[in-house]
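>>> model this:
(3 chains)
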Amino acid sequence: MPENAPQPGSRLLLLDGHSLAYRAFFALPVENFSTTTGQHTNAVFGFVSMLINVLRDEQPTHVGVAFDVSRQTFRAEEYAEYKANRSASPSEFSGQLSLIEEVLDALRIPFLKKEGFEADDIIATLVTQALREDSGIDEVLILTGDRDSLQLVSERSTVLYPMRGVSDLARMTPEAVQEKYGVPPQRYPELAALVGETSDNLPGVPGVGQGYAAKWINQFDGLDNVITHADQIGGKKGESLREHLGDVLRNRRLNALVTDLQLELGPADLLKQPWDRQRVHTLFDSLEFQVLRTRLFDSLESQEEVEEGGFELDGALLGEGEVAAWLAEVGEAVVGVHVRGEWGAGTGRVEGLAMATADGRAAYLDTTGLGGEDDAALAAWLADPARPKVLHDAKGPALALAAHGWSLAGVTSDTALAAYLVRPDQRSYDLADLTLRYLKRELRQEAVGEEPGEQGELFAGEGAEAGHAVAATAMLHARAVLDLAEALAEAVEETGGQELLTQVELPLIGVLRGMEEVGIAVDADHLGALEAHFATEVGAAAEAAYAVIGKEINLGSPKQLQVVLFDELGMPKTKRTKTGYTTDADALTALLAKTGHPFLEHLLRHRDVIRLRQTIEGLLKTVAPDGRIHTTFNQMIAATGRLSSTDPNLQNIPIRTEEGRRIREGFVVGSGFESLMTADYSQIEMRIMAHLSEDALLIEAFRSGSDFHSITAARVFDVPAAEVTLEMRAKIKAMNYGLAYGLSAFGLGQQLGIEPAEARGLMEEYFETFGGIRDYLDGIVDVARRSGYTETIRGRRRYLPDLVSDNRQRREMAQRMALNAPIQGSAADLIKIAMLRVDEQLRTQGLTSRLLLQVHDELVLEVAPGEREALEELVRTEMAGAADLTVPLDVSVGTGASWHEAAH
DNA sequence: GCGAGGACGTA
DNA sequence: CGTACGTCCTCGCT
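Numbers count the residues shown, from 1 in each chain, chains lettered A, B, ... in the order given. Okay, here's the model as predicted:
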């Protein structure tokens, strides 16, 4: 048997190189796909992207690509107008075809051409050969953007047809063709002959669409019979058919594919070969295809199978007096730790603890009712920074351990945090998911087993007879964490996140744990009174609103509001939402300005006060018995690297309105302390932008130390600083803030209530003044598109695959994310470092004051008696020194008995 | 009871 | 048609 003879189970994938590249060329905007040297790559990118996806999803054993040679085909000879409507392929396109061939060479995928014929004919010939009994090919897939190929669909051959752009493929089976066109695949060209094909410049029968064509073909059993019985078809359409029989016959001749070409290669010669990795790297380097390179090599790795079953663990259930000995044997080896228990709201409870080492040993310890000596031994091991441990999402376990009086040190990795740094935009970092992805090992409950009997093999060593499923599962988890830590260390290293992990995120676990534990004191009486006050206001606003419209509706239901506003009161329609018209505050305010209708006034008032009431209600529900609120800070949610706060969210307590700020009066200094202190960075994101962009004027503006928005406004409007009006300042301030979000002229105009044209002019003026900013912003997106990710100053990455999407909305969204991520992310890194420095100094200086909250650019602390001055000095120093930027970091500090009073 | 959609609070 | 979050409500579904 020849070496490349097809084996049973073979799948042949054939691609129409020309039609796919042509589609990609028009689907992907060329300005987003060209190299630094100016070579256009949109067609190459689209083709290679589709190729990688289909190789990954379909796992073919054989692959080949067919190309057209030139426009001189037998079809053009018969009918000069064939495809004559196509503008001569722009040189930007034809130049890319040879690049595609180079890629195929590097991937060792053969491609075929035949003088005088089209790619379709080559594919038709190969399909015919492949479907012969002795070919050894079981199944054929045809990826093409040319509908003529639909005639090749059969039980064993499927056409994959790009739906929109280059990302969605329709799977055209015989059933799908029948469903979509109303005729079976072999009759598709008959239908096409009647309907015509505009893209090939083949006119069909005027007035006859797909529906009539299918009807006739089915009614008369085929095109031949339709033509024979053309005189039996009445009406205008019948007449039209008779007049254009010649066109139909010509179309049918031209769209028939040739299936018996003499080709240099047959299906068996298309057996998939290993890539020429070196050439792939060189070529993708020159094409600047970083993203595709990753996808290509990832798709190769994903082909590795998930390992079956588990592995042996020498598990031990530790009983009284055995702890210390087991830990001693472990020595300074890295231990995977899995804590069983519960935690949240700044506290927790430990039930048991599983440990595993790389040599296969594992142990489980029930910590409920643990004896004095065992407790001490475990406590000593947990607290010893020289005994390395790895955990998964250690903050919760650390809270539980702390509640038991155990402190945790020596955490050399946290697998959840490591995974977050590698890919920060996932919604969860579930241990089982990560184990499957990085270790190719199944950790699901069903795979691990619930029954003790199923776990017998895990207890090969002593304690086997006493094995419990709970303990076994816990040990398996501990071992998975240990192995994951190793696998992730490599991934973290590759993505350059090592320093962030060990210097920032890991040490931050302890700081956050402390903040959650401490919580922040609230004045429940004040909040209670405030809630009652707002509740009254809610009632009054509701009554007033009902009185105006003469009935009671649910003011919280956008649906009911729409009926009242747009149907009953006949107000002008607002901006559309998915389900109707918006009733958001902006729109209602605009309506109020237009109509002056009192209902809107009461409605807006109702919205305001009901929200304030709800906010207070939510807060009061979370007050712990110690009279404090213990939020949970999540370290792995925001793709940019920010923290988030939940249960309750203390990062969105109102501040903008007078009434809202009264809620902040309810956050107060706790007993035994002197006051609250807030310390925040001014214009942190703009300062980071100044640093990153190296714009000389912007840097100078910050260094001058005067009002930043005014001084930039003076520059943009080219007036002396003293002549900057409030209006000028407001405009530039909006822009200063908007820039980091990818603000458009439209959006700016909207916000400032000016014409888009004026907004555009303003932006141009701004960029004229601060050229460095424009260059920097353009550069970010450009670099991110090539590399596939953005990076903060400290190297935190965010991957944005949609930067090369063929969907404009997704692509532009990704571009805005790319603009924002390095700026918001750098600020996030910076304040995290500031928190670590503050925390460190608090201990070094022996202060009792403590960190309570972080609100992105602000820290809230509780000041111990007599420490105010020292603390302010400390906080200013450590926050300002958290990064070395080309512009100074300005920190403003305030103190007071409440969060409100501490504001400044 | 769950999820989507809408609305809105913060940086 | 401006980024990043979390929470509340309603409404239609199961």
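>>> Could you pull out the buried residues of the helix or strand containing A:Leu20?
Assessed by DSSP states H and E, A:Leu20 sits inside helix A:17-27. Buried residues in helix A:17-27, defined by neighbour count with 16 or more other CB atoms under 10 Å: A:17-25, A:27. In this view, the C-beta of every residue, glycine as well, is placed from N, C-alpha and C.
>>> where's the dip in pLDDT among those?
Ranked by pLDDT, these bottom out at A:Ala27 (88).
>>> residues contacting that one?
By CB atoms under 8 Å, 6 or more residues apart in numbering, the contact list for A:Ala27 reads A:46, A:164-166, A:806.
>>> Spell out which parts of chain A neighbour DNA strand B.
Those residues of chain A that sit near DNA strand B, judged by CB under 7 Å from any atom of the strand, are A:558, A:577-580, A:582-586, A:588, A:607-608, A:611, A:649, A:651-657, A:660, A:855-858.
>>> Produce a PyMOL select command limited to the buried residues of the residues you listed.
For the buried members of the residues of chain A next to DNA strand B, the matching PyMOL selection, counting by 16+ other CB under 10 Å, is:
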select buried, chain A and resi 558+582+583+588+607+608+651+653+654+855+856+857+858
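>>> check the residues of chain A next to DNA strand B against DNA strand C, which are close?
Subset of these in contact with DNA strand C: A:649, A:651-652, counting by CB under 7 Å from any atom of the strand.
>>> Looking at these, spot the one nearest DNA strand B.
A:Asn652 (3.5 Å; CB to the nearest atom of the strand).
>>> how near is the closest one to A:Leu643?
13 Å (CB to CB, to the nearest Å).
>>> for A:Gly570, same thing?
Per CB to CB, A:Gly570 is found 47 Å from A:Leu643.
>>> Is there a neighbour count for the residue in the stretch 601-750 of chain A positioned nearest to DNA strand C? I'd like the number.
Going by CB to the nearest atom of the strand, DNA strand C is nearest to A:Gly747 of the stretch 601-750 of chain A, at 2.7 Å. Neighbours of A:Gly747 under the rule other CB atoms under 10 Å: 15.
>>> Pick out the residue of the stretch 1-150 of chain A closest to DNA strand C.
For the stretch 1-150 of chain A, CB to the nearest atom of the strand, closest residue to DNA strand C: A:Pro29, 16.0 Å.
>>> How about the contacts made by the spatially closest residue to that residue that is not a sequence neighbour?
Closest residue to A:Pro29 apart from its sequence neighbours, by CB to CB, 6 or more residues apart in numbering: A:Asn42 at 7.2 Å. Applying CB under 8 Å, 6+ apart, we find A:Asn42 in contact with A:24-25, A:28-30, A:32-34, A:96.
>>> Of those residues, which is the most crowded?
So for the contacts of A:Asn42 (other CB under 10 Å), the most neighbours sit at A:Ala24, 28 neighbours.
>>> residues in contact with it?
Per CB under 8 Å, 6+ apart, neighbours of A:Ala24: A:42-47, A:49-50, A:166, A:806.
>>> Go through those and flag which are in strands.
When DSSP state E is applied, those are split such that none fall in strands.
>>> Just name the shakiest helix or strand of chain A by mean pLDDT.
helix A:445-448 (a mean of 43; mean pLDDT, DSSP states H and E).
>>> Next secondary structure after that one?
Counting by DSSP H and E, the next helix or strand C-terminal to helix A:445-448 is helix A:469-494.
>>> Using CSV, list the CA coordinates for the helix or strand A:Val860 falls within.
Element membership for A:Val860, per DSSP H and E: strand A:858-863. Extracted in CSV, the C-alpha atoms of strand A:858-863 (Å, rounded to 0.1, in the frame of the first residue of the first chain):
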residue,chain,number,x,y,z
GLU,A,858,-9.5,56.5,45.5
LEU,A,859,-8.6,54.8,48.8
VAL,A,860,-10.6,55.0,51.9
LEU,A,861,-8.8,54.5,55.2
GLU,A,862,-9.8,54.5,58.9
VAL,A,863,-7.6,56.7,60.9
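>>> All set now, cheers.
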